[in-house]
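Asker: Quick one, what's the 3D model for this:
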Amino acid sequence: MNYNVISYLVYLPVTIVLTVWVARTLFTNGRIFLLEIFRQNAELADSVNKLLLIGFYLINVGYAVYSLQIVETLSSQQSVIETLSVKIGWIILVLGAMHFFNLFVLFRLRRKAQEPQAAA
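Answerer: You can find the predicted model right below:
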């Protein structure tokens with residue numbers, strides 16, 4: 001039995017599902033912040049939201065594909081579970097970091113948008 005192939009067949013779907021779930025959650029719930037930042041300009045907020053979604057997918061899917069390779073030959077179910085836990089754990093950490101980075105940027109932009117406009 002080729003445990004490496006089994007690992008790939010588990011890793012890819014789990015990574016894709018996690019990435020899509022986090023991305024859709026950010027996309028759906030981030031819209032309200034973008035509307036406030038862009039002063040209720042829905043067209044601009046939605047456009048920026050879609051661009052952020054694409055960037056999120058590119059970074060996370062790119063990292064997932066980059067880290068796909070398993071160098072050693074896995075020889076047991078235990079080694080499959082241990083390898084998957086490390087790989088999927090890193091994906092979860094990257095997704096979490098991206099989530100907090102997005103929140104940080106949105107809150108900074110929101111605070112800046114709420115500042116009174118300087119007299120021209």
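
Asker: Tell me where the protein has helices.
Answerer: Taking DSSP state H as the test, the helices found in the chain are 3-37, 42-66, 77-114.

Asker: Centre of the chain to the one helix or strand in the chain whose mean pLDDT sits lowest, how far?
Answerer: The helix or strand of the chain with the poorest confidence is helix 77-114; it has a mean of 88 (mean pLDDT, DSSP states H and E). Centroid displacement of helix 77-114 relative to its chain, using Cα atoms, centre = their mean, to the nearest Å, is 6 Å.

Asker: who does that helix touch, helix- and strand-wise?
Answerer: helix 3-37, helix 42-66 (3 or more Cβ pairs under 8 Å, 6 or more residues apart in numbering; DSSP states H and E). For every residue, glycine as well, the C-beta is placed using N, CA and C.

Asker: switch the cut-off to 6 Å
Answerer: Under the contact definition 3 or more Cβ pairs under 6 Å, 6 or more residues apart in numbering; DSSP states H and E, helix 77-114 sits against helix 3-37.

Asker: relative orientation of the helix it packs on and helix 42-66 in degrees?
Answerer: 160 degrees (axes from the mean of the first three to the mean of the last three Cα atoms, to 10 degrees).

Asker: Please identify the buried residues of helix 3-37?
Answerer: Using 16 or more other Cβ atoms under 10 Å as the test for burial, helix 3-37 gives 3-4, 7-8, 10-11, 14-15, 18-19, 22-23, 26, 30, 33-35, 37.
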